[in-house]
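Q: Show me how the following folds:
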Amino acid sequence: MKARNLAEQGELGAEEEFRAAIDRNPSQTQVRLALADFYLAKSRYQDALAACLQELELDLYSNAAKLRLGHIYLELRDPQKGLAYLQEGLKGIPEDANAHADLARVYELLDQPEQAVGEYLRALKLDSTLNRVHYVLARIYRQLGKQDLARSEQAVFRENEAREQREQVESFQQLKRIPDLGRVVH
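A: As a prediction, this is how the structure comes out:
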């Protein structure tokens, strides 16, 4: 789809292409979700919200729309509205690690730290690369008075950060070693 390509490349005209696709086929699902993702990338939460609600009108069972709505309400700092959408969407897509992390953040905002910990642990089980979750868990464990767990999570976070930094340096060094094939030698 042209609109997705434009959006991924950061080109102007992506929004117009999404709108044109919707106008051509108003009952087509998924286009509004792609438009919502475009808006989310630009922090246009109200527009993303409207696009997801329209998607949900077309497909009441769209778990993807429900998860996005939960995320949007989280971004809008309305955890109570986000909670229901995230819980419902996760019933259909239980393997979405980011949605579990969003649900955990909702529980944090609702001052339910034990539930938040459970969801953060589920997110990590599904995607161990979510290093920021270790940092958040360390903070929550400190708040709960679980210092040993907090230290353990902080150590995992630091170790992962150091590894990622080493990998970036190594990758950069490898790039520096690649000869410039575009250069003309006389």
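Q: How much space separates Asp96 from Leu126?
A: When Cβ to Cβ, to the nearest Å is applied, the distance between Asp96 and Leu126 equals 8 Å. C-beta here means a position set from N, CA and C on the backbone, and glycine is covered the same way.
Q: any idea which helix is longest in this protein?
A: Counting by DSSP state H, the longest helix found in the chain is helix 147-177.
Q: between Asp96 and Leu126, who's got more neighbours?
A: The residue with more neighbours, out of Asp96 and Leu126, is Asp96; 20 against 16, by other Cβ atoms under 10 Å.
Q: how much space between that one and Arg77?
A: For Asp96, the distance to Arg77 - Cβ to Cβ - is 21 Å.
Q: go on, Leu126?
A: 25 Å.
Q: Likewise for Glu170?
A: With Cβ to Cβ as the criterion, Glu170 and Arg77 are 40 Å apart.
Q: what's stretch 151-169 in contact with?
A: Asn131, His134, Tyr135, Leu137, Ala138, Tyr141 (Cβ atoms under 8 Å, 6 or more residues apart in numbering).
Q: Restricted to helices, list these.
A: Using DSSP H, those in helices are Asn131, His134, Tyr135, Leu137, Ala138, Tyr141.
Q: if we take these, which one ends up nearest to Asp111?
A: Asp111 lies nearest to Tyr141 out of the ones in helices among the contacts of stretch 151-169, by Cβ to Cβ, at 15.7 Å.
Q: mind listing what the spatially closest residue to that closest one that is not a sequence neighbour touches?
A: Distances taken as Cβ to Cβ, 6 or more residues apart in numbering place Ala150 nearest to Tyr141, at 3.8 Å, with adjacent residues excluded. When contacts are counted by Cβ under 8 Å, 6+ apart, Ala150 touches Leu137, Ala138, Arg139, Tyr141, Arg142.
Q: picking that back up, please check the contacts of stretch 151-169 and keep the buried ones.
A: Neighbour counting with 16 or more other Cβ atoms under 10 Å marks Asn131, His134, Leu137, Ala138, Tyr141 as buried within the contacts of stretch 151-169.
Q: Now do the same contact list for Arg139.
A: Ala150.
Q: What is the burial count for Arg77?
A: Neighbours of Arg77 (other Cβ under 10 Å): 8.
Q: in stretch 144-159, what counts as buried?
A: In stretch 144-159, counting by 16+ other Cβ under 10 Å, buried: Lys146, Leu149, Ala150, Glu153, Gln154, Val156, Phe157.
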